[in-house]
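>>> A predicted structure for the sequence below; I have some questions about it.
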Amino acid sequence: MGNSENRLQKRVEDSQIEQVFQVRPEHLNGAGRLFGGQLMAWIDEVAALVGLRHAQSNIVTASVDNLEFIQGAYQNDLIVLVGRVTFVGNTSMEVRVDTYVESMVDGMRRPINRAYLTLVAVDENGKPQKVPQLCIETESQRAEWEAGQKRKAMHIQRKKEGF
């Protein structure tokens, strides 16, 4: 995105990330499943890369809004994380990260986690700075945007309530 006009708005695909990890013994909990904290670290890493691509600046994770563990994963499983921007405010971005286990036999993916994270773009002094707007091109992107607006409103309400 060379000129400044193109930097004012970006498409979802411009910053989407897909990253693959293999579950190794050091990633397991005492029950022999993928440790939730490890998965959370991978989710945060993918979300940060999405935020970096979208904002083209440093970012910080402000919150993890939803972290839904659907199924477990086990040693040697291939874990695929797909992250994309779903909503942007003035200085913040909401990033959805879907996590799948990919079958090594047929490549089929089964969902094991979905998370929404709020990231804030910051300058070199750690002060929030504006992020590019998001170009909504499909009905599913519009639905995500509208859900992101609702989550942001809930964040504001919870903050007022001291939650």
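All right, it came through fine.
>>> what's the spacing between Asp44 and Val120?
14 Å (Cβ to Cβ, to the nearest Å). All C-beta atoms are positioned from the backbone trio N, CA, C, and that covers glycine.
>>> which one's more surrounded, these two?
Val120 (22 against 17; other Cβ atoms under 10 Å).
>>> tell me the contacts of the more buried one?
Val120 is in contact with Ile59, Val60, Ala62, Thr91, Ser92, Met93, Pro128, counting by Cβ atoms under 8 Å, 6 or more residues apart in numbering.
>>> and the nearest residue to the fifth one once chain neighbours are set aside, what are its bridge partners?
Right, the one you point to is Ser92. Spatial nearest neighbour of Ser92, excluding adjacent residues (Cβ to Cβ, 6 or more residues apart in numbering): Val120 at 5.0 Å. On the basis of DSSP bridges, Val120 is bridged to Val60, Ser92.
>>> ok, the closest residue in space to Thr91 that isn't next to it in sequence - contacts?
Nearest residue to Thr91, sequence neighbours excluded (Cβ to Cβ, 6+ apart): Pro128, at 3.8 Å. By Cβ under 8 Å, 6+ apart, the contact list for Pro128 reads Thr91, Ser92, Val120, Ala121, Val122.
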